[in-house]
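K.L.:
Sequence plus predicted model, see below.
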Amino acid sequence: MTAPLLEVEDLRVELATRSGVVHAVDGVSFHVAEGETLGIVGESGCGKTMTALALQRMLPRPGGRIASGAIRLGAEDLMAKSEAEMRAIRGRDIAMILQDPMSSLNPVMSIGAQVAEPIRAHQRPARNVLHAAVLRMLDAVRIPSPAARAGDYPHQLSGGMRQRVVGAIALSCRPRLLIADEPTTALDVTIQAQYLALLKDLQRETGVAMILITHDFGIVAKMCDRVAVMYAGRIVETADVRTLFARPAHPYTRALLEALPSMEHRSERLKVIDGQPPDLRAPPAGCRFAPRCAVATTACHTTDPAPVALGPGHVAHCLLAGSA
Amino acid sequence: MARYLLARFAQGLVTLLAVSVVVFVLSRLTGDPLTLIMDPMATKDDMARELARLGLDRSYVEQYAIFLAHALLGDFGQSVFYKRDAFGVFLEKLPATLELGGTAMLLSILIAIPIGVLSAVHQGGWLDRIAKIVALTGQSAPVFWIGLVMILLFSVTLGWLPTAGRGTFRHLVLPAITLGWYGNAFLMRITRSAMLDVLGTDYVRLARLEGLPERRVIWKHAFKNAATSIVTTLGLMSISLVTGAVVTETVFAWPGVGRLTVDAIFQRDFPVVQTAVILIAVMVVAVNLAVDVVYAWIDPRVRFQ
């Protein structure tokens, strides 16, 4: 295994709101190796996006802050960086693709100008070099006839094309880590597969490591090497993608996988997980999934589950893991 | 683009035509002009002759056509009070109003927009709080009252600036601040809220995630998108500068078209009133057209409509 590119240890993110402090991310640790794709899976509000923003020290202001934790990118300690140093890292070493391509692009700037922005900010190239780089990026994300389209404005492009432009912006400075936050959720189903294939191709060409945030296990199966399952601000299980699908150890992971509709049991009602995720302003003691867990014991409601190693790279935070 | 501007231009012409009809009808509703002009001892024959000479014996449609044709040539008739061409009288007073309005506008652009932007960027900060209070007083205090208070404070008590009249730069300070006061407050609030809207969008978040310098994020990405609302407000303001001039010019005895119009109304100098109303309407339409052109220049979605 190659040395990890990104290492996150015990990351805690707090959001101050009118009604109290939300512990959006509560002791999350994971790593991403070079060229690897880590999937972060979980339902809305479980802290996936906050984790991604925290990695770039770009939590919503005012209110968001990293309470504690360590974030290392290669040899660099990102927690020790000043805001100016972080600005140099954003876009150059870590880039991000947001969910909604309809709102990710500036409506009054041409797409060429928007792809040029990070290149100009980080590399300060000559004008003709910049122009060539922009066309090369638009071509790399398969925008047909880039020279003709570079002057187009976002409203002239379809959602799929816009998300390609967002991809071109993200990869324009050859980042080492790409964070894609639900990159295909807002796209038509037919376009989703195309876009994912494009991301995969680009990853092969550039060797960029990727964190793919999603709630779609189909995308996880297609794209990811390893998966971290998040629930209520914590990672409950980490495994390589085969192991996770074959031997899910955490009851939450199992419940999520069971909730997927399958072709074999089409007549059955869709399975759902009863209950609601806990209020992260005052998270419950013990395992956070216990109130919704079908197999929880009394101990689960009081004891915080320690990580249990179940195999190489397979860790579950569950009192019952390994025993059953 | 050309079609968009052409459509706006046509709309402007229709507006002006409507204004001319209103002006024409209103002036006919104010009573028989002959009773004002003629000697009370005049005979019926004298009246009839004068009626024919002025063209008032023709049908209203004919009278309106003649009025419109003359107006297009800049002929709005003779001022009753000045005994001169009403259009000339108006043009004579116009530079003073433009000077006052232009200064007020420039002050707003240089003060209100930067403060509005900074208030939004540092939302809840000290500048934002002070600006909010100033904007609130600016919008709730009537213009004439602010003018009088400033005269009392800076002219009468402190003796720093002249109380009234036009001449040096010192004469311009108080009326320009008074006239711009309300618009300043308005522009500041609009700029702030437009910037807050834009600063919360995904594309501004993405610009920051790209590691762009903050100044570029704010001015290039955010401000340019907020600019459409700001330009609209500037258009509205330039109109209120003309109408607001009526009060400000009266308070400060500023010899512009605002005061000219008020005086003309009291003097029943209808040719001058008509000239003022129509030409002010022309200016308003021209400003709106300019706003539309600027829109198209800023926003490609308008340009490619």
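P.N.:
The structure has been received and is ready for your questions. Source: prediction; values computed, not measured. Numbers count the residues shown, from 1 in each chain, chains lettered A, B, ... in the order given.
K.L.:
Excluding chain neighbours, give the residue nearest to A:Ala70 in space.
P.N.:
In space, and not counting its chain neighbours, A:Ala70 is closest to A:Glu9: 4.2 Å by Cβ to Cβ, 6 or more residues apart in numbering or on different chains. Every residue, glycine included, has its C-beta placed from N, CA and C.
K.L.:
and the stretch 51-200 of chain A, which residues reach chain B?
P.N.:
A:56, A:58, A:62, A:86-92, A:95-96, A:98, A:100, A:103-110, A:117-118, A:121-122, A:153, A:155-156, A:166, A:169 (Cβ under 8 Å from any Cβ of the partner chain).
K.L.:
Okay, and which of the residues you listed map to helices?
P.N.:
A:86-89, A:103-104, A:117-118, A:121-122, A:166, A:169 (DSSP state H).
K.L.:
sorry, back to before: which among the residues of the stretch 51-200 of chain A next to chain B count as buried?
P.N.:
A:56, A:58, A:86-87, A:89-92, A:95-96, A:98, A:100, A:103-110, A:117-118, A:121-122, A:153, A:166, A:169 (16 or more other Cβ atoms under 10 Å in any protein chain shown).
K.L.:
So for stretch B:44-54, mean pLDDT?
P.N.:
Averaged over stretch B:44-54, pLDDT sits at 79.
K.L.:
where does the residue nearest to A:Ala70 fall, helix, sheet strand or coil?
P.N.:
strand (DSSP: H, G, I helix; E, B strand; the rest coil).
K.L.:
What about it, how many residues nearby?
P.N.:
If you count neighbours by other Cβ atoms under 10 Å in any protein chain shown, A:Glu9 ends up with 15.
K.L.:
residues contacting it?
P.N.:
Each residue near A:Glu9 by Cβ atoms under 8 Å, 6 or more residues apart in numbering or on different chains is listed here: A:29, A:69-71.
K.L.:
Could you tell me the backbone phi and psi angles at the closest residue to chain A within the stretch 51-200 of chain B?
P.N.:
Closest to chain A within the stretch 51-200 of chain B is B:Gly124: 7.3 Å, counting by Cβ to the nearest Cβ. Per-residue torsions, B:Gly124: phi 80, psi 0 (degrees, to the nearest 10).
K.L.:
What sits closest to it if chain neighbours are left out?
P.N.:
Closest residue to B:Gly124 in three dimensions, ignoring its sequence neighbours and counting by Cβ to Cβ, 6+ apart: A:Pro62, at 7.3 Å.
K.L.:
is it true that that neighbour touches A:Arg18?
P.N.:
No. Using Cβ atoms under 8 Å, A:Pro62 is not in contact with A:Arg18; the gap is 11.8 Å.
K.L.:
Of all the residues in the stretch 201-324 of chain A, which one is nearest chain B?
P.N.:
Closest point on the stretch 201-324 of chain A to chain B, by Cβ to the nearest Cβ, is A:Ile211, at 13.5 Å.
K.L.:
which residue sits closest to that residue in space, ignoring its chain neighbours?
P.N.:
A:Ile179 (4.7 Å).
K.L.:
contacting residues for the one you found?
P.N.:
A:52, A:55-56, A:94-97, A:210-211, A:213.
K.L.:
Sticking with it, tell me its helix or strand.
P.N.:
Assigned by DSSP states H and E, A:Ile179 belongs to strand A:177-181.
K.L.:
so the very next helix or strand once past that strand versus strand A:177-181, what angle?
P.N.:
Note on strand A:177-181: by DSSP H and E, the next helix or strand toward the C-terminus is helix A:189-206. Orientation check (axes from the mean of the first three to the mean of the last three Cα atoms, to 10 degrees): helix A:189-206 against strand A:177-181 gives 170 degrees.
K.L.:
what pLDDT, on average, does the helix or strand following helix A:189-206 get?
P.N.:
Per DSSP H and E, the first helix or strand lying C-terminal to helix A:189-206 is strand A:209-214. For strand A:209-214, mean pLDDT is 94.
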